[in-house]
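*Asks:* Just need the structure, nothing else, for what follows:
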Amino acid sequence: MLFTVGGIPSIYYGDEQAFRGVKEERVGGDDEIRPAFPAGPAELPPDGWPAYRLHQRLIALRRRHPWLARARTTVEHLANETIAIRAAADDAGILLLLNAGDTPFRFPVEMTGLTVAEISDPEARPGDPALVPGHGWIVLGS
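*Replies:* Reported below is the predicted structural model:
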């Protein structure tokens, strides 16, 4: 879960390893969602590493664009399963295309001067960056 502290996005304990659990309203109710980390990385569950690598990529994207802290966002497209959000500050900008649907979707947004900065499948290189696969996303930057 991403939350903010003083307006700064933060990562909640265990998110980077895709830890799951049910929070209960009682003493110790966080125990299931905050399991103890093992003594070393080699002991982490293997199914958590894809989430860890994704966190690394998205944190790196944020560090490459420090202006995002003061950016203004606008929604350029919104439908039941798709959204396009543009963030801009000064002369910089990024455009996030998110497709929660099962099938590919071509976003009807202006992309002049933008190139692919990050993509949900790092092995893929889209021929048409406006065409986002099902359950996928693309971040375009200027």
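
*Asks:* Next up, the contacts around the closest residue to A100 other than its chain neighbours.
*Replies:* For A100, ignoring the flanking residues on the chain, the nearest one in space by Cβ to Cβ, 6 or more residues apart in numbering is E81 at 4.6 Å. C-beta here means a position set from N, CA and C on the backbone, and glycine is covered the same way. Residues near E81 by Cβ atoms under 8 Å, 6 or more residues apart in numbering: N99, A100, G101, F105.

*Asks:* What about these, which one has the most neighbours?
*Replies:* N99 (24 neighbours; other Cβ atoms under 10 Å).

*Asks:* Bridged to that residue, which residues?
*Replies:* N99 forms beta bridges with T82, G136, as assigned by DSSP bridges.

*Asks:* Within the helices and strands, which one has the most centrally placed residue in the chain?
*Replies:* When Cα atoms, centre = their mean is applied to the chain, the residue found nearest the centroid is L58 (6.0 Å). Element membership for L58, per DSSP states H and E: helix 49-64.

*Asks:* what pLDDT, on average, does that helix get?
*Replies:* Mean pLDDT, helix 49-64: 86.

*Asks:* Check stretch 100-114 too.
*Replies:* 94.

*Asks:* just to revisit the earlier point, with respect to R86, which of the contacts of E81 is nearest?
*Replies:* Nearest to R86 among those: N99, at 16.1 Å, using Cβ to Cβ.

*Asks:* residue contacts, the closest one?
*Replies:* By Cβ under 8 Å, 6+ apart, the contact list for N99 reads E81, T82, F105, V132, P133, G134, H135, G136, W137.
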